[in-house]
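Participant: Need coordinates for the below:
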Amino acid sequence: MERVNLETFAGGALQEKFDDALEKVLQNMMDPNTPHKNKRKIQVEVTFAQNEDRNDTSVDVSVVTKLAAVKPANTRMAIGKDLKTGKCYAQEYGSSIRGQMSLEEYQSETEGKAVDPETGEIKETTVVNFREAKQG
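Facilitator: Residues are numbered from 1 along each chain as shown. Alright, predicted model coming up:
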């Protein structure tokens, strides 16, 4: 039997498919969103299908990769129901959560007014109406 050169087998397709698979595996291994402990796999499959006379065969060459799955992203959401409209809502925690004011908005409401540094209370007799304040 004559030796088969895997670099030139199937017109070089086997080597090309393997190189592509190796590139995918290496990219997956370097991806910080994948677990480092998971094993990756390259599987080379050569399938032979002969004719009835047994004097000819069709050869299929395939290369399959098994990569580590990307870790899921995680977040938190505030959920509730608007009592006025009856509609449900979901909002990701972040810069503005429904019904809450940011410190910047609060400071703009108290700007120019004397504030007690210990309690945060406005020393003037005016009342700040947070319900009418701008909502995010």
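
Participant: Which residues are in contact with the residue located most distally from the centre of the chain?
Facilitator: Using Cα atoms, centre = their mean, the residue of the chain lying farthest from its centre is Asp53. It sits 53.9 Å away. For Asp53, no residue meets the contact criterion (Cβ atoms under 8 Å, 6 or more residues apart in numbering). (C-beta placed from N, C-alpha, C; glycine too.)

Participant: Can you tell me the SS state at it?
Facilitator: When classified by DSSP: H, G, I helix; E, B strand; the rest coil, Asp53 comes out as coil.

Participant: So for it, what's the pLDDT?
Facilitator: Confidence at Asp53, expressed as pLDDT, is 97.

Participant: Got phi/psi on it?
Facilitator: Main-chain dihedrals, Asp53, degrees, to the nearest 10: phi -80, psi -10.

Participant: Distance of it relative to Thr47?
Facilitator: Per Cβ to Cβ, to the nearest Å, Asp53 is found 19 Å from Thr47.

Participant: Endpoint to endpoint, stretch 71-85 covers what distance?
Facilitator: 38 Å (Cα to Cα, to the nearest Å).

Participant: three-state assignment of Asp19?
Facilitator: Relying on three-state DSSP, one would call Asp19 helix.

Participant: check contacts around the residue nearest to Asp56 when sequence neighbours are not counted.
Facilitator: Closest residue to Asp56 apart from its sequence neighbours, by Cβ to Cβ, 6 or more residues apart in numbering: Gln50 at 6.8 Å. With contacts defined as Cβ under 8 Å, 6+ apart, Gln50 is in contact with 56-58.
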